[in-house]
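Q: Based on what follows, work out the 3D shape:
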Amino acid sequence: MATPHPFATRLLCLLLAMTGRAAAVELTYDRDVRPILKAHCFQCHGELGVQKGGLDLRLQRSIVAGGESGPAVRPGQPGDSLLLARVVAGEMPPGKKRLAASDIGRLREWIRQGAAPGRLEPEIVGESDFSPSERAFWLFQPLGDQRPPISVETDSPVDRFIAERLRTEDLTFSPPASRSVLVRRLYYDLLGLPPSPAEVAAFLADTAPAAYERLVDRLLASPRYGERWGRHWLDVAGYADSEGYVDSDPVRPWAFRYRDYVIGAFNAGTPYDQFVVEQLAGDELVAPPYHDLSESDIRRLTAIGFLRMAPDGTGAAGAEPNVARNQTIADTLNIVSTSLLGLTVGCARCHNHRYDPISQKDYYRLRAIFAPALDWRAWKAPDQRRLSLYTAADRDLAARIETKAKAADQHRSEIISAHLVRTLHEELIKSPDNLKTVLKTAYQTASAQRTPEQVALLKKYPNVRNINSGSLYLYSEQRARRADEIAAFADAKERAFIEAVRSAALAALPTTEQNLLEAALQTPTAERSDDQKKQLAQQPAVAVDATTLATHDPQGAALVAEYRQASERCRNTDAKKELADLADAVKQIRATIPEEPFLRTLTEPPDHTPQTFLFRRGDHNAPAEEVLGPAELSIVSAHLPVSIPANDPALPTTGRRLAYARHLTSGRHPLLARVIVNRIWYHHFGRAFVNSLGDFGELGERPTHPQLLDWLSRDLVDSGWQIKRLHRLILSSGTYRQQSTRNERLDTIDPDNRLYARQSMRRVDTEVFRDAVLAVSGQYVNQMAGPPIPVMEDAVGQIVLGQEDLDGERKPRAAGGLGGQSHRRSLYVQVRRSRPLAVLETFDLATVAPNCVKRPASNVAPQALLLINSRFMVDYAEAFAARLQRERGGDLRGQLQHAWQLAYARPVDDQTLDRFVGFIAAQTKRFATSGAKQNGDPQQRALAVACQAILAANQFLYLD
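A: Coordinates of the predicted model:
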């Protein structure tokens with residue numbers, strides 16, 4: 001090893017001095033040093049058999065033994081320990097990342113104290129050789145049999161636990177919030193919508209002892225509850241209406257069915273264990289083939305859409321297939337682990353988890369549970385995984401309607417053929433007589449078989465060559481001109497036939513008589529002498545005209561008549577309209593076919609048990625040789641042994657996911673109940689027992705109230721996994737019903753409100769903000785379920801609601817009309833990964849990459865700009881003002897009092913009311929004198945400005 005740099009020596013001495021004074025507890029390898037080395041050094045010195053320089057750092061004795069450079073540590077001699085010297089010098093670990101000074105100090109102090117192991121070390125380091133501290137980590141312990149502390153002050157178990165912790169800090173609960181605050185808090189927490197003035201008044205008037213509890217029950221029974229709490233779950237599930245992964249971000253047309261399943265499950269009070277089992281293995285509860293499904297079968301196959309929410313680029317052009325497939329699998333495991341287990345198992349995809357006791361083999365064993373349905377070597381693209389919900393009756397009806405449609409289409413084809421024959425005949429009429437036959441033959445000859453002469457002839461007569469079913473509409477549009485041309489041609493033919501008959505008759509007469517007759521013909525009819533009339537009467541062939549042509553030349557007259565009939569048919573036959581009507585008739589018939597609905601689901605191919613291999617460094621091109629079977633995480637199995645079958649003979653599928661789901665929901669698993677209880681607590685208080693919602697591991701936060709977390713988790717299991725019961729326990733507590741008022745003492749002792757001596761003031765979620773604006777302005781449309789409201793990019797690049805319509809240059813035209821759809825709840829807005837709705841994104845919309853375990857909480861300038869300047873706020877403020885005028889007439893003070901009740905669920909004080917009345921009066925005068933009266937009534941515009949201020953205020957954005 002290299003000699004330490006002088007600066008490194010001085011730093012070491014400084015650390016020696018600093019930590020020597022602080023050392024009070026004996027440090028051990030397993031508890032204090034191993035986590036540091038595991039995070040930074042095991043990858044090169046022990047993990048997966050890699051021991052660079054012959055050094056294995058996984059055991060105390062192997063560290064002391066050292067490697068090729070000799071002992072890495074000399075107990076009691078930190079100054080002579082090569083491991084410490086290399087770390088202090090910045091030579092290890094390699095790269096730019098360095099150990100923290102505190103970690104270096106701990107390592108040094110451990111060596112100084114004698115480098116104790118802390119346990120009897122095993123002979124061989126196995127994958128499941130967990131340190132005592134790893135085994136003892138709180139998360140992996142069984143749910144404790146906690147008993148609420150004894151209290152004479154409250155019957156609420158929640159309050160007893162919280163109060164006991166408060167007493168340790170010499171704190172007490174804050175006073176209860178007012179009933180008007182509580183009713184607003186409950187409505188927003190449970191429904192995500194503001195209470196109406198009538199609902200507030202009804203609650204305030206109900207003074208019975210159980211009024212609050214009845215309100216909680218009524219809100220939990222509302223369909224809006226499932227929408228509100230379904231949105232929370234959709235965040236962690238990574239719900240999206242598009243595939244992501246590639247820039248084109250293809251739309252998922254049937255993903256919304258999973259969203260609707262989640263809403264329905266919350267509304268129905270589906271037990272959480274059933275909810276989890278259906279989402280992990282719903283397909284394994286349904287017998288294939290998946291035809292003529294029952295409602296419960298459809299529900300289960302819809303639920304498994306949970307495993308189809310990860311970004312999926314496997315059907316996109318340009319994506320490397322194997323990379324995309326393995327990334328989709330990795331993202332799916334990420335969603336499963338963070339949403340259900342509260343662990344970041346994805347960190348073990350490429351190497352052993354640096355901080356938590358999760359090995360790389362653990363990761364791939366967990367992956368093996370899902371491999372039969374998500375096999376990267378036998379992959380199905382998104383469109384191949386969809387499942388039709390057509391029943392046998394639907395298919396029979398569709399077949400009968402299609403037969404009818406084909407008959408109508410055949411009739412249309414026959415009409416097209418008739419029009420082609422007619423159009424050809426009409427065009428041939430205008431061609432020279434000597435070419436009619438050869439032109440017709442050339443046209444009717446298949447293009448590939450035409451002679452050069454035929455090709456040349458048709459090129460000379462394009463009006464004949466271009467006749468086809470696709471161009472019939474052009475000939476129809478020109479039918480008036482073409483009819484005139486045919487009529488003119490018929491007139492010319494008629495004159496020619498008359499002249500031919502006359503010429504032949506004159507030729508047979510003496511010259512003298514010819515001259516007399518020609519003179520008679522040249523004399524106008526009215527001026528002819530009796531002799532001329534007599535002469536012509538004696539020679540009818542010479543006197544032939546259009547009326548007598550048939551007598552002298554019946555064939556010629558018939559041809560002229562045929563041409564004139566063709567002219568009239570051409571003029572009066574609107575082939576374009578007739579064919580369009582026939583096409584519409586076919587479409588209308590097919591429109592009666594029941595729409596074929598699909599599910600975005602996941603199923604296992606029959607008899608499919610793929611092998612799973614560990615990927616070295618996470619590279620699918622570098623699989624290890626060992627086949628890994630499906631299994632639970634080793635650290636969990638150490639406390640709760642379980643066997644996941646590779647192939648359950650009792651099921652048509654492998655049964656792996658079903659076995660795993662039942663293991664998770666057995667009631668004995670240490671993670672599942674804690675994670676969901678923690679999450680529900682978070683959404684009621686704005687912070688959780690474990691505030692790192694998706695990471696309960698070593699890098700996550702420790703629970704602030706572990707006994708209460710375990711008691712609530714155990715109660716959830718014992719109650720049959722009833723989520724609504726959990727809500728009632730929390731909402732009925734005095735802890736929840738406290739004021740949110742801060743004070744100097746609380747801010748000093750507990751600034752983050754980790755102890756819950758008060759309720760937290762919380763900004764409403766971005767969807768709740770938009771929905772509240774819709775509700776208060778009177779525009780909210782209560783329409784549940786179904787396809788999402790589409791989003792589009794407008795002319796300035798902002799994402800708005802609308803049906804996208806691009807011009808020839810792929811630039812957006814005006815937004816397509818959505819009718820009342822645009823006023824539906826934000827839950828139903830299309831979740832396009834690459835196109836978040838601008839008004840939602842501004843206030844911290846969930847980013848599902850692949851999921852969102854906890855939304856950020858920002859306070860940035862664009863939020864204020866949206867409240868002040870956005871079209872969204874201006875439009876709904878105007879609608880709010882119109883509602884006030886509609887419901888309170890011309891009484892301005894009454895309008896403002898109503899506005900306060902609608903927006904804030906409380907009355908306005910007199911001072912504020914006077915200020916707003918004065919503001920509106922000033923604004924009205926300003927608008928009336930600004931020369932902009934054409935923009936609307938000045939007082940209405942002033943009221944709209946006031947309404948915008950009401951909607952932009954913190955009182956509207958926050959819950960207290």
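Q: Could you use CA atoms for every contact and neighbour count after this?
A: Fine.
Q: gap between T344 and P540?
A: Counting by C-alpha to C-alpha, to the nearest Å, the separation of T344 from P540 is 110 Å.
Q: Looking at these two, which one has more neighbours?
A: Using other C-alpha atoms under 10 Å, the more surrounded residue of T344 and P540 is T344, with 23 against 15.
Q: who are the neighbours in contact with the more buried one?
A: 334, 337-338, 694-695, 697 (C-alpha atoms under 8 Å, 6 or more residues apart in numbering).
Q: Is it correct that I723 is in contact with P271?
A: Yes. In this structure, I723 is within contact of P271 by C-alpha atoms under 8 Å, at 6.8 Å.
Q: which is the next helix or strand following the longest strand seen in the chain?
A: Assignment by DSSP state E gives strand 623-627 as the longest strand of the chain. Later in the chain than strand 623-627, the nearest helix or strand by DSSP states H and E is helix 634-639.
Q: Give me the helices and strands touching the helix or strand that comes right after that following helix, please.
A: The C-terminal neighbour of helix 634-639 among helices and strands, as given by DSSP H and E, is helix 656-664. With contacts defined as 3 or more C-alpha pairs under 8 Å, 6 or more residues apart in numbering; DSSP states H and E, the secondary structure elements packing on helix 656-664 are helix 272-281, helix 360-370.
Q: ranking those helices by burial, who's on top?
A: helix 360-370 (a mean of 25; mean count of other C-alpha atoms under 10 Å).
Q: can you map out the strands along the stretch 751-900 of the chain?
A: 762-763, 791-793, 799-801 (DSSP state E, counting those that start in this stretch).
Q: Which strands or helices does the second one pack on?
A: Just to be clear, that refers to strand 791-793. Counting by 3+ C-alpha pairs under 8 Å, 6+ apart, strand 791-793 packs on strand 799-801.
Q: Report the mean confidence score over the strand it packs on.
A: Averaged across strand 799-801, the pLDDT comes to 91.
Q: helices and strands around that strand, which ones?
A: Strand 799-801 packs on strand 791-793, going by 3+ C-alpha pairs under 8 Å, 6+ apart.
Q: what distance separates the strand it packs on from the centre of its chain?
A: 14 Å (C-alpha atoms, centre = their mean, to the nearest Å).
Q: Each with direction, which strands does it pair with?
A: strand 799-801 (antiparallel) (DSSP bridges).
Q: for the longest helix along the chain, the distance to its chain's centre please.
A: Of all segments of type helix in the chain, defined using DSSP state H, the longest is helix 392-429. Counting by C-alpha atoms, centre = their mean, helix 392-429 is centred 41 Å from the centre of its parent chain.
Q: and if you look at stretch 867-874?
A: On the basis of C-alpha atoms, centre = their mean, stretch 867-874 sits 25 Å off its chain's mean C-alpha point.
Q: got it, and stretch 518-537?
A: That offset, for stretch 518-537, works out to 93 Å (C-alpha atoms, centre = their mean).
Q: For the residue nearest the centre of the chain, which non-adjacent residue is spatially closest?
A: The residue lying closest to the centre of the chain (C-alpha atoms, centre = their mean) is A240, at 1.8 Å. Nearest residue to A240, sequence neighbours excluded (C-alpha to C-alpha, 6 or more residues apart in numbering): V831, at 4.9 Å.
Q: again with V73
A: With sequence-adjacent residues excluded and distances taken as C-alpha to C-alpha, 6+ apart, V73 is closest to S81, at 4.4 Å.
Q: For the one you found, give me the backbone phi and psi.
A: Here is the backbone geometry of S81 (degrees, to the nearest 10): phi -110, psi 120.
Q: Pretty sure R74 is one of the things it touches, is it not?
A: Yes. S81 is within contact range of R74, at 5.3 Å (criterion: C-alpha under 8 Å).
Q: What is the burial count for the closest residue in space to D545 that isn't next to it in sequence?
A: Closest residue to D545 apart from its sequence neighbours, by C-alpha to C-alpha, 6+ apart: I498 at 6.2 Å. Residues within reach of I498, counting by other C-alpha under 10 Å, total 24.
Q: now swap in E169 and tell me
A: Neighbour number of E169 under other C-alpha under 10 Å is 11.
Q: ditto for the one 10 residues further on
A: Burial of R179 is recorded as 14 neighbouring residues (other C-alpha under 10 Å).
Q: avg pLDDT for the one helix or strand F266 maps to?
A: Secondary structure assignment for F266, by DSSP H and E: helix 256-268. For helix 256-268, the mean pLDDT works out to 98.
Q: which SS state does S740 fall under?
A: coil (DSSP: H, G, I helix; E, B strand; the rest coil).
Q: so it sits right up against S760, yeah?
A: Yes. Using C-alpha under 8 Å, S740 makes contact with S760 at a distance of 5.3 Å.
Q: joint contacts of these two?
A: With C-alpha under 8 Å, 6+ apart as the test, S740 and S760 both reach D960.
Q: Tell me how far the nearest residue to Y828 once chain neighbours are set aside lies from V831.
A: Spatial nearest neighbour of Y828, chain neighbours left out: P788 (5.0 Å); criterion: C-alpha to C-alpha, 6+ apart. Note on P788: its distance to V831, by C-alpha to C-alpha, is 8 Å.
Q: circling back to that earlier point, the helix or strand that the residue nearest to D545 is a member of relative to helix 392-429, how many degrees between them?
A: Applying DSSP H and E as the criterion places I498 in helix 479-507. Going by axes from the mean of the first three to the mean of the last three C-alpha atoms, to 10 degrees, helix 479-507 is angled at 40 degrees with respect to helix 392-429.
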